[in-house]
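Chemist: the following comprises the amino acid sequence and a computationally predicted model.
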Amino acid sequence: MLQTRREGNRESLYSVHPGVAMVQKWVADLPEKTGWSLGEWIELVEESGPPTEQERRDWLKERYHLGTNSAWWIAERAAGKGTETDSPEAYLEAAEAYVEAMYAGAKAGLRPIYDQLLKVALKLGKGVKACPAKTIVPLYRQHVFAQLKPTTRTRIDLGLALGRMRTQKRLIETGGLAKGDRLTHRIPITTLAEIDDEVKHWLKVAYDLDA
């Protein structure tokens, strides 16, 4: 069984995604920057904005000259979404639900592989954080150094940030370097037995590179 850690008043395997603090700061700064609070922006969108979320984003940018993130978040909140970023506690509750949903149904057989990869990752050293999103679980040190993704019903892809490092055949280049993505390689994993010393080695290399 995986060991939990305390995040605030919660015991969780997971850590609060860095984006939560960013959104909370945005909410706090919104009245000073725009003259209106988040609640007032939501009320405006609901009363005067167009019907769809995408149209509302464009409307907020074009009519009120809001930035892309602000327009996105306000339109999302007006649609009743995005509340998982309201607090660390709300995020951690959502994070656990994301993982349960990722490994439900046809992908349920991948859960033991995910649990073992996560266990290995969390033991790499200080500062490792697993911060689930809806379809992936990124692993952070200073930045994202790895990622766990149930790509198919039978395979988890372990993504790794290895930069320009020359690697062996087992690691598949993702094209991330050319696209400016942090994750540059992946190792497909279909069984517990494939989480071997080589996989652990490359996870440690990616972790060390992000020191």
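Modeler: Nice, I can see it. Numbers count the residues shown, from 1 in each chain.
Chemist: the helix ranked longest in the chain: which residues count as buried?
Modeler: In the chain, taking DSSP state H as the definition, the longest helix is helix 18-34. By 16 or more other CB atoms under 10 Å, the buried positions in helix 18-34 come out as 20, 23, 26, 27, 30, 34. To be clear about C-beta, it is placed using only N, CA and C from the backbone, and glycine gets the same treatment.
Chemist: not counting its neighbours along the chain, what's nearest residue 61?
Modeler: residue 71 (4.7 Å; CB to CB, 6 or more residues apart in numbering).
Chemist: coming back round to it: tell me which of the buried residues of helix 18-34 is nearest to residue 120?
Modeler: residue 20 (25.4 Å; CB to CB).
Chemist: separation between that closest one and residue 86?
Modeler: Using CB to CB, to the nearest Å, we find residue 20 at a distance of 9 Å from residue 86.
Chemist: quick check: next helix or strand after the longest helix of the chain?
Modeler: Following helix 18-34 in sequence order, the next helix or strand is helix 38-48 (DSSP states H and E).
Chemist: please state the offset of that next one from the chain centre?
Modeler: 28 Å (CA atoms, centre = their mean, to the nearest Å).
Chemist: packing partners for that helix?
Modeler: Where contact means 3 or more CB pairs under 8 Å, 6 or more residues apart in numbering; DSSP states H and E, helix 38-48 is packed against helix 18-34, helix 53-64, helix 68-78.
Chemist: and the longest one, what does it pack onto?
Modeler: Translated: helix 18-34. Partner elements for helix 18-34 (3+ CB pairs under 8 Å, 6+ apart): helix 38-48, helix 68-78.
Chemist: tell me the angle of that helix relative to helix 38-48?
Modeler: For helix 18-34 against helix 38-48, the angle by axes from the mean of the first three to the mean of the last three CA atoms, to 10 degrees is 80 degrees.
Chemist: who touches helix 18-34?
Modeler: 36-38, 41, 64, 66, 69-70, 73, 82, 85-88, 91, 131, 140 (CB atoms under 8 Å, 6 or more residues apart in numbering).
Chemist: for residue 163, list the residues it contacts.
Modeler: So residue 163 contacts 177, 184, 209 (CB under 8 Å, 6+ apart).
Chemist: apply 10 Å and report the result again.
Modeler: By CB atoms under 10 Å, 6 or more residues apart in numbering, residue 163 lies in contact with 176, 177, 182, 184, 185, 206, 209.
Chemist: narrow those to those in helices?
Modeler: Using DSSP H, the contacts of residue 163 in helices are 176, 177, 206, 209.
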